[in-house]
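>>> give me the fold of what follows.
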Amino acid sequence: MELNEEQLGLFFGFISSHLDEKQRRLVAGAMARLLGHGGIAAVAAASAMSRNTVIAGTKAFDSGEAPTGRVRAEGAGRPAAEVADPTLLSDLESLVEPESRGDPMSPLRWTLKSTRQIAAALRAMGHRASHTLVGTLLHEAGYSLQANVKVLEGTQHVDRGGQFDHINDLAARRLSANEPVISIDCKKKELVNGRKKNAGREWQRSGEPERVDVHDFPDKKIPKAIPYGVLDLGANEGWMSVGDDHDTAAFAVNAIRRWWQSLGKDRYPEAKSLMITADAGGSNSYRNRLWKLELAKLATETGLTITVCHYPPGTSKWNKIEHRMFSFITQNWRGKPLTSYQVIVDLVAATTTTTGLRILAEWDQGEYPKGIEVTDAELAAVPLKGHDWHPEWNYDITPAPSA
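Got it, this is the predicted structure:
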């Protein structure tokens, strides 16, 4: 068979890219055998393989070796880094293992553990390690980049589950009777002075981001908006009072009052009671005396028996208003500087969802001073009756007899 060097070069230039290492070696060996005397040298020159590789290919061809299976012989190639360096893995895990965080001698005790920093620490310990090798070894050992997850709620109350059942059962009965059930809470306070950064992104022309202040350090002199929300669970309707004074029990109850005056009384003209689900702390805390006194005033004004059920301590994320109203407000104003109270009111009122949520909002410019004391006599005069199940969390406040 007569093939010149140029023809052999064209052949191997085309076929080599379609073969793996073992297959290229076998094809080279087969071609060398077909060329006969001088074939090994000609194939080595045309294919850019070494003579030893072509010779190994002729032996494989002569033995009838199949062109599939392992590319290299068992044990061939450079040994893995963790094999060549037996202590590499143990030293690597000692650097990243969570239990070692308390070890004051750990080289990365107070640093961000990036792969480059880990590699540098390993080299300081006498190992040959690159950041790419560190990444590969960490993945093989079952590590991956992880963010913090908010799941720890501290010590759980023994009756936590029972309180959830009590709230759910009572709310279901009230809703089936067309009695209003609301979820209340105060959203995170927001800075309203200047052009402060608001988290999130929105569509804008490329290269034209909203310009905001560089610094937004906490400053008691900078006014804050206090967004207090009320969510009607049955109607999927919300109310938000945006305050500019203090987050007190009087402010919280006035938000409920404004919801009732603006939305509730028209939607529930025959209502005899109002059920409120609330967190255990803050301005609507079950320990807050002013909260109960202000609710008694509201009950007398409206003629409604007000039932309050508090979520157990440490379970505020289960409050319905958090994920059925507040989360959508946050999405709606993401990336928009909250430059004034009216801007906040407008953004809240513009919040809607595909399930039909609508929200009314107003700027509450009332004064709500802190530190108001409620005496034992005033508290005793509140027409309050606790439920059989955890009366401190669950109670009814009835209108005053004169109402």
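
>>> packing partners for the longest helix anywhere in the chain?
When the chain is parsed with DSSP state H, its longest helix is helix 160-176. Packing contacts for helix 160-176, counted by 3 or more CB pairs under 8 Å, 6 or more residues apart in numbering; DSSP states H and E, involve strand 181-186, strand 273-278, strand 305-310. Any C-beta I mention is one placed from the backbone N, CA and C, and that applies to glycine too.

>>> what sits up against the second one?
With CB atoms under 8 Å, 6 or more residues apart in numbering as the contact definition, strand 273-278 has outside contacts at 167, 170-171, 174, 179-185, 256, 260, 264, 284, 302, 304-311, 319-320.

>>> ok, it: who's next to it in the sheet?
Here strand 273-278 has these sheet partners by DSSP bridges: strand 181-186 (parallel), strand 305-310 (parallel).

>>> and those strands, which is most packed in?
Greatest average neighbour count among these goes to strand 181-186 (a mean of 24), per mean count of other CB atoms under 10 Å.

>>> re earlier: out of the strands paired with strand 273-278, the one nearest residue 333 is which?
Nearest to residue 333, of all the strands paired with strand 273-278, is strand 181-186, at 16.6 Å by CB to CB.

>>> let me have the strands paired with strand 273-278 in CSV, extended by distance to residue 124 and mean pLDDT.
Shown next, in CSV, are the strands paired with strand 273-278 (distance: least, CB to CB, whole Å; pLDDT from 0 to 100):
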stretch, distance to residue 124, mean pLDDT
strand 181-186, 51, 97
strand 305-310, 55, 98
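
>>> okay if I get these as JSON lines plus distance to residue 386?
Formatted as JSON lines, the strands paired with strand 273-278 follow (distance: least, CB to CB, whole Å):
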{"stretch": "strand 181-186", "distance to residue 386": "19"}
{"stretch": "strand 305-310", "distance to residue 386": "10"}
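
>>> how far does the top strand by length along the chain sit from the chain's center?
Taking DSSP state E as the criterion, the chain has its longest strand at strand 224-232. Its chain's C-alpha centre and that of strand 224-232 lie 22 Å apart, by CA atoms, centre = their mean, to the nearest Å.

>>> what helices or strands is it leaning on?
strand 181-186, strand 190-191, strand 237-243, helix 249-259, helix 320-321, helix 341-349.

>>> the ones you listed: which one's closest to residue 17?
Short answer: helix 341-349, nearest of the helices and strands packed on strand 224-232 by CB to CB, at 58.6 Å.

>>> ok, the following helix or strand past that closest one: who's next to it in the sheet?
Using DSSP states H and E, the helix or strand that directly follows helix 341-349 along the chain is strand 358-364. Using DSSP bridges, the strands paired with strand 358-364 in its sheet are strand 237-243 (parallel).

>>> who touches residue 61 in this structure?
Residue 61 touches 26, 29, 30, 33, counting by CB under 8 Å, 6+ apart.

>>> name the member of those with the most neighbours.
Using other CB atoms under 10 Å as the neighbour test, the contacts of residue 61 are led by residue 29, with 25 neighbours.

>>> can you report phi and psi for it?
Here is the backbone geometry of residue 29 (degrees, to the nearest 10): phi -60, psi -40.

>>> ok, for it, nearest residue in space, not its chain neighbours?
residue 57 (2.5 Å; CB to CB, 6 or more residues apart in numbering).

>>> average pLDDT for whichever helix or strand the one you found is part of?
Assessed by DSSP H and E, residue 57 sits inside helix 51-63. In this model, helix 51-63 has a mean pLDDT of 87.

>>> need the CA coordinates for that helix. PDB is fine.
Extracted C-alpha coordinates of helix 51-63, given in PDB (Å, rounded to 0.1, in the frame of the first residue of the first chain):
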ATOM      1  CA  ARG A  51       7.200   5.800  18.300                       C
ATOM      2  CA  ASN A  52       6.500   3.900  21.600                       C
ATOM      3  CA  THR A  53       2.800   4.800  21.300                       C
ATOM      4  CA  VAL A  54       2.600   3.500  17.700                       C
ATOM      5  CA  ILE A  55       4.500   0.400  18.700                       C
ATOM      6  CA  ALA A  56       2.000  -0.200  21.600                       C
ATOM      7  CA  GLY A  57      -0.800   0.300  18.900                       C
ATOM      8  CA  THR A  58       0.700  -2.400  16.700                       C
ATOM      9  CA  LYS A  59       0.900  -4.800  19.600                       C
ATOM     10  CA  ALA A  60      -2.700  -4.100  20.500                       C
ATOM     11  CA  PHE A  61      -3.700  -4.600  16.800                       C
ATOM     12  CA  ASP A  62      -1.800  -7.900  16.700                       C
ATOM     13  CA  SER A  63      -3.500  -9.200  19.800                       C
END
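
>>> go through it and flag the buried ones.
53, 54, 55, 56, 57, 58, 60, 61 (16 or more other CB atoms under 10 Å).

>>> cool, stretch 266-284 as well?
In stretch 266-284, counting by 16+ other CB under 10 Å, buried: 268, 271, 273-280, 282-284.

>>> so what's residue 127 up against?
Contacts of residue 127 (CB under 8 Å, 6+ apart): 85, 87, 88, 91.

>>> got phi/psi on it?
Dihedral angles (degrees, to the nearest 10) for residue 127: phi -100, psi 160.
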